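Engineer: can't give you the sequence, but here's the structure:
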DNA sequence: AACTTAAATGAGAATCATTTGCATCTGGGC
DNA sequence: GCCCAGATGCAAATGATTCTCATTTAAGTT
């Protein structure tokens, strides 16, 4: 989550990348869209184009710094990839996202993939519903 | 999966709707995009516009005839909603999709939602990886 | 510190999936 | 067969994301 992670990933340490990384770090709890990141940059008077935000986020994804999610069909959201994997509870009304990890489910998934002769590379479990506030 | 299901859903029984329902039924194993459905209609010399395909699929989704998935970020796919819920194994290389149901996971999900005070309305578990053929 | 070059960026055009406005058409009740 | 709300076709509009290309810059080299 710093300049080093960029260097390690073989990416030049540029203003846009550093700023975007900062923004993502400052918003770990949320899942941000490219547009969200762009707007945040604007409020910080940073001159970064939307195209660059998209390019940087895509690069971050390919080097494993962030993870892309397609909860909604019309735009992707990103989150810093911390060490531990986790799944999501998504409120269909307010969009709030809560994370969780469940060992039982993790294990079953591996068994299922193995049974189907799939070499699992990733998995995503999303539980949709109404959060406490929205009920 | 017939004219009755349309009437029951309060939708007029029109040529486009019937044809699209037939196509979805004939391709239960696959998950079709709007474009896929449209192309199939073309091969059958059916005069249905792409806009109508989108409208019909969206209506089918809202009345519960089909389910929409956003496996890939850039286009949605649809599948006839059979009675039983199921999850997916998606091959990241050839796009093949296999379905499965796992009681253990289903139960855990309900417990997790309850613990987080979420009223679960739906859930989706996708395991991504390489299928036997693609490995 | 200046020099060099591949990589990075900005701006705007281009793309692609999906949606919409509107004039026309049609299913199904009378 | 008549009527009309709902359905459709077509083309233009949208919105997210990507691409083109001229310009700038990070970071290694002299």
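Structural biologist: Ah, there it is. Only a predicted model underlies this, so the values are computations on that prediction, with no experimental measurement involved.
Engineer: state the paired neighbours of the helix or strand hosting residue A:68 in the sheet, together with their directions.
Structural biologist: Assessed by DSSP states H and E, residue A:68 sits inside strand A:66-69. Strand A:66-69 has its sheet partners listed here by DSSP bridges as strand A:77-80 (antiparallel).
Engineer: so for the partner strand, mean pLDDT?
Structural biologist: On average, the pLDDT along strand A:77-80 is 94.
Engineer: cool, and stretch A:127-135?
Structural biologist: Here the average pLDDT along stretch A:127-135 is 88.
Engineer: list the buried residues of the strand holding residue A:68.
Structural biologist: A:66-69 (16 or more other Cβ atoms under 10 Å in any protein chain shown). The way it works is simple: take the backbone N, C-alpha and C, and place the C-beta from them, glycine included.
Engineer: just give me the closest of those residues to DNA strand D.
Structural biologist: Using Cβ to the nearest atom of the strand, the shortest approach to DNA strand D within those belongs to residue A:68, at 8.4 Å.
Engineer: dig out what the closest one forms beta bridges with.
Structural biologist: With DSSP bridges as the rule, residue A:68 is bridged to residue A:78.
Engineer: so it touches residue A:59, yeah?
Structural biologist: No: between residue A:68 and residue A:59 there is no contact under Cβ atoms under 8 Å: 11.6 Å.
Engineer: distance check, residue A:70 against DNA strand D.
Structural biologist: Going from residue A:70 to DNA strand D by Cβ to the nearest atom of the strand, to the nearest Å gives 8 Å.
Engineer: hmm, I was thinking of residue A:6
Structural biologist: Using Cβ to the nearest atom of the strand, one obtains 7 Å as the distance from residue A:6 to DNA strand D.
Engineer: quick one: contacts for that residue?
Structural biologist: Going by Cβ atoms under 8 Å, 6 or more residues apart in numbering or on different chains, residue A:6 touches A:12-13, A:17-18, A:21.
Engineer: near DNA strand C, which residues of chain A are found?
Structural biologist: For chain A, the residues in contact with DNA strand C (Cβ under 7 Å from any atom of the strand) are A:11-12, A:14-17, A:47-49, A:51-52, A:55-56, A:73-74.
Engineer: tell me which two in the residues you listed are the farthest apart.
Structural biologist: A:12 and A:73 (33.6 Å; Cβ to Cβ).
Engineer: quick one, which of these two is more surrounded?
Structural biologist: Neighbour tally, residue A:12 and residue A:73, criterion other Cβ atoms under 10 Å in any protein chain shown: the higher count belongs to residue A:73, 14 against 7.
Engineer: state the distance from the most centrally placed residue in chain A to residue B:72.
Structural biologist: Centroid check for chain A by Cα atoms, centre = their mean gives residue A:79 as the closest residue, at 2.3 Å. Residue A:79 sits 19 Å away from residue B:72, taking Cβ to Cβ, to the nearest Å as the criterion.
Engineer: residue A:105 now?
Structural biologist: Where residue B:72 is concerned, residue A:105 sits at a distance of 24 Å (Cβ to Cβ).
Engineer: which one of those two has more residues nearby?
Structural biologist: Shown here are residue A:105 and residue B:72; by other Cβ under 10 Å, residue A:105 has more neighbours (22 against 14).
Engineer: and the more buried one, that one's in a strand?
Structural biologist: No: Residue A:105 is assigned helix when assessed by DSSP: H, G, I helix; E, B strand; the rest coil, not a strand.
Engineer: quick one, what contacts it?
Structural biologist: Per Cβ under 8 Å, 6+ apart, neighbours of residue A:105: A:87, A:125, B:104-105, B:108-109.
Engineer: farthest pair within the residues you listed?
Structural biologist: Among these, A:87 and B:104 lie farthest apart (Cβ to Cβ), at 15.0 Å.
Engineer: contact partners for the residue nearest to residue A:54 when sequence neighbours are not counted?
Structural biologist: Counting by Cβ to Cβ, 6 or more residues apart in numbering or on different chains, residue A:54 lies nearest to residue A:34, which is 5.1 Å off, once chain neighbours are set aside. By Cβ under 8 Å, 6+ apart, residue A:34 lies in contact with A:50, A:53-54, A:57, A:75-76, A:78.
Engineer: fine by me, thanks again.
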